[in-house]
Structure formats: structure tokens, C-alpha cells
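*Asks:* What shape does this take:
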Amino acid sequence: MQWIEITITTTEDASDAICEMLSQIGADGIAVSDPYEIARIIEDPDSLAYADEGYIESLGSDVTVKAYFAEFDDGVRLGPKNEEYVDPNGVGMIYGNIADKTMPAKNALKLIEDKLAEIGQFLPVGRGLTGHRYVQDKDWENEWKKDYTSFEISDRVLICPSWEEAEVKEGQIVVKLDPGSAFGTGTHETTSMCAEILDKLIKPEDKILDLGTGSGILAIICDKLGAGHVEAVDIDRLAVDVAEDNCRNNDCADIDCYTGELKDAKNSDYTLIVANIIADIIAAIAPDVPARLAPGGKFVCSGIINTKKDKVEAALAAAGFTILEKHEKNDWMAYICTLEN
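*Replies:* Have a look, this model is predicted:
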């Protein structure tokens with residue numbers, strides 16, 4: 001067996017979708033080098049990070065995603081790592097499942113190029129697949145870790161990989177999360193905006209639904225910030241499995257993780273529903289959210305590219321929501337909404 005490292009040169013907007021696609025087709029590890037995130041950390045006045053003059057400019061504008069697949073004598077290993085997720089029809093999987101377990105390397109590369117083209121229909125993927133190479137076991141073991149380190153996602157929340165012991169400030173909570181799952185680790189603007197909002201909103205009496213939970217990061221943040229009851233739901237069974245593992249790893253086993261959509265939510269009196277998904281889905285579900293909120297409850301939605309903000313704002317208004325706050329980072333929007341009286 002050997003490891004094949006596949007390099008994709010993309011944009012910040014598309015990097016999360018590409019990571020999720022790679023995970024779903026069977027990547028054993030994923031590493032992301034995002035110059036925008038590095039720049040934000042260095043330029044943060046509260047950060048202790050330092051860089052020589054000109055370093056940030058030298059990073060360029062491309063986001064590099066590296067995915068690692070195991071190659072055996074009969075080909076590159078693809079497909080879910082658990083038989084529970086094998087579904088030739090791709091039901092519940094955003095980018096479709098892969099039924100074949102192995103295929104020649106050139107076919108695997110072609111598959112990835114095809115998947116990138118699909119993503120390119122709604123997000124700018126940049127240059128796409130730019131190369132591949134073979135790496136030794138020991139090289140891969142450390143390669144995927146070196147670009148991911150602790151960072152503050154909000155005033156009180158520190159995201160930390162499992163292999164690192166971070167310095168924790170007084171009053172901070174730590175969320176242990178590794179990048180390999182590709183269902184969201186907090187580095188994207190949409191997730192960080194949600195975290196910042198939750199940091200200010202969460203109260204002990206809150207009953208929260210994290211809709212489209214992915215890695216479970218937002219549900220875990222809610223739980224650690226003291227919310228009384230937290231549910232995490234996702235249409236993807238693999239995401240729910242990842243979220244459950246992350247909840248256990250963070251001593252948040254009381255979070256109720258389950259597979260489903262908004263219609264499958266277990267309660268109709270949530271004080272807060274958070275949805276970090278995509279604009280079209282937020283617009284589509286907006287009419288159904290009010291029936292799930294308690295009086296005075298809030299709806300926090302993110303994952304909205306600014307070119308679709310008018311569509312989302314119109315859908316929220318039609319559903320009876322008033323937007324209390326608008327948050328923006330780069331090209332992404334997040335809203336705090338409540339129902340009109």
C-alpha cells in the first residue's frame with residue numbers, strides 16, 4: 001500500500017464544498033492551506049502570531065486543498081469507510097456516494113475532476129486539480145496536521161486540534177476538533193460568524209436546534225456555552241456519525257444528534273434555531289421555521305453568499321421574520337432574525 005496525495009488549487013468560497021466532496025468519496029485525510037485565514041490570524045490585534053514584513057502578501061490568493069487516498073495493488077481505495085453509508089443511489093449524500101471500492105489512479109483523478117466540475121456550477125473552484133504525488137506513510141501522518149493549529153473563533157471559544165495543547169485564557173472554552181472530517185472546523189467565515197453570534201446569544205434556558213450540523217461544531221459550542229438543551233440534525237448520516245464522535249470527544253454526549261431535516265425536528269418550541277447551510281436552502285425552509293420556534297425565539301442563518309442575500313432576505317420577510325442584525329465577512333452574510341409581533 002502507498003498514499004497518493006492529490007492537490008487542488010481553489011478559492012476560499014469553494015474550499016469547504018470541495019473538502020466535503022473529497023470526504024464523501026473516501027479521502028483518508030484532508031489538509032487545507034488558506035492564506036486568507038492565515039492573514040486574519042496574523043492581523044488580529046489580539047493574536048500573538050507574528051510574521052515578517054511582506055509574508056502575508058507572499059501567500060498569494062489561492063487556497064490549497066490536499067487529499068490523501070490509500071492505493072493498493074488493485075487501485076485507489078474509494079467509497080465510505082463504513083458499509084452503513086454505501087448507497088449506489090447517493091440518497092442523502094450531497095455529492096453522491098461512490099459504490100466502487102477501488103479504481104485505477106487515473107480513473108480516481110478523473111472522478112475528482114468531474115466532481116469539481118459539478119461544484120463549479122455554483123461556486124468558483126479556481127484552477128482545480130493541479131497535481132498528485134506519492135508520499136510515505138510517515139510523511140502523510142504529519143503532512144495533514146501542519147497547516148491546522150488552534151485559533152479563537154470567538155471571544156470565548158477556542159478551536160483546538162486533538163494533538164495540540166493550547167494555552168487557554170480565563171473564561172475561554174475549548175472545542176477539540178480535527179480537520180479530517182471535512183464537515184466544518186470553524187475556519188470558514190460562515191461558521192465563524194455563527195460562533196461569534198452564539199457567543200453573545202446563548203443563555204442557560206435555551207433550547208437549541210443546530211440544523212445541518214455537519215461536524216457538530218456549532219452544537220458543541222452551544223452546549224459548552226451553557227445552553228440547557230441542544231439538538232443537532234443533518235440530512236447526511238455520515239455527518240451525524242462525525243458529529244456524534246465530536247460530541248463525545250468534547251464531553252458533550254448530552255447533545256441529541258440525529259438524521260433528518262427541519263420537518264424531523266423533535267420539538268416545536270426552540271428558543272434558537274441555527275442553520276449554517278446555503279442560501280437556496282435557507283430561502284426554501286424559511287416558511288417552515290416559525291412553526292418550530294418558541295415565542296420570542298430567534299433564527300440564526302448563515303452560509304449565504306452575498307450575491308443571494310436579496311433572495312434570502314425576501315424569503316425571511318415573507319415568512320414573517322424581522323432581521324435584527326446583519327453580519328458580513330468577505331462575501332458571506334449571516335442574519336439574526338425574530339418573528340414580527
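*Asks:* what residue ranges in the protein score low on pLDDT?
*Replies:* By pLDDT under 70, the low-scoring segments of the chain are 41-56, 59, 80-100, 136-148, 179-187, 341.
*Asks:* Recalculate using a threshold of 80.
*Replies:* Applying pLDDT under 80 to the chain flags residues 1, 36-60, 79-101, 136-151, 162-168, 178-188, 238, 340-341.
*Asks:* how is it carved up into domains?
*Replies:* Here the domain parsing of the chain from automatic domain parsing is 2-143, 178-339.
*Asks:* Now do the strand or helix carrying Ala195: which elements does it pack against?
*Replies:* For Ala195, the host element (DSSP states H and E) is helix 189-201. If contacts are counted by 3 or more CB pairs under 8 Å, 6 or more residues apart in numbering; DSSP states H and E, helix 189-201 sits against helix 217-224, strand 270-276, strand 293-305, strand 321-329, strand 332-339. Placement of C-beta: from N, CA and C, glycine included.
*Asks:* now these in CSV, with distance to Asp256 and mean neighbour count?
*Replies:* Formatted as CSV, the helices and strands packed on helix 189-201 follow (distance: least, CB to CB, whole Å; neighbours: other CB atoms under 10 Å):
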stretch, distance to Asp256, mean neighbour count
helix 217-224, 9, 27
strand 270-276, 12, 24
strand 293-305, 17, 21
strand 321-329, 25, 15
strand 332-339, 24, 21
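*Asks:* ok, how many other residues are close to Ala314?
*Replies:* Counted with other CB atoms under 10 Å, the neighbours of Ala314 add up to 12.
*Asks:* Spatially nearest residue to it, not counting backbone neighbours?
*Replies:* Excluding the flanking residues, the one nearest Ala314 by CB to CB, 6 or more residues apart in numbering is Ala283, at 7.8 Å.
*Asks:* now swap in Arg127 and tell me
*Replies:* Looking at Arg127 with CB to CB, 6+ apart, the closest residue is Thr9, at 4.2 Å.
*Asks:* So which residues make contact with the helix holding Ala195?
*Replies:* Residues from elsewhere that reach helix 189-201, judged by CB atoms under 8 Å, 6 or more residues apart in numbering: 153-157, 184-186, 217-218, 221-222, 225, 272, 274, 276, 298, 300, 302-304, 325, 327, 329-330, 332, 334, 336.
*Asks:* immediately after that helix, which helix or strand?
*Replies:* Per DSSP H and E, the first helix or strand lying C-terminal to helix 189-201 is strand 207-211.
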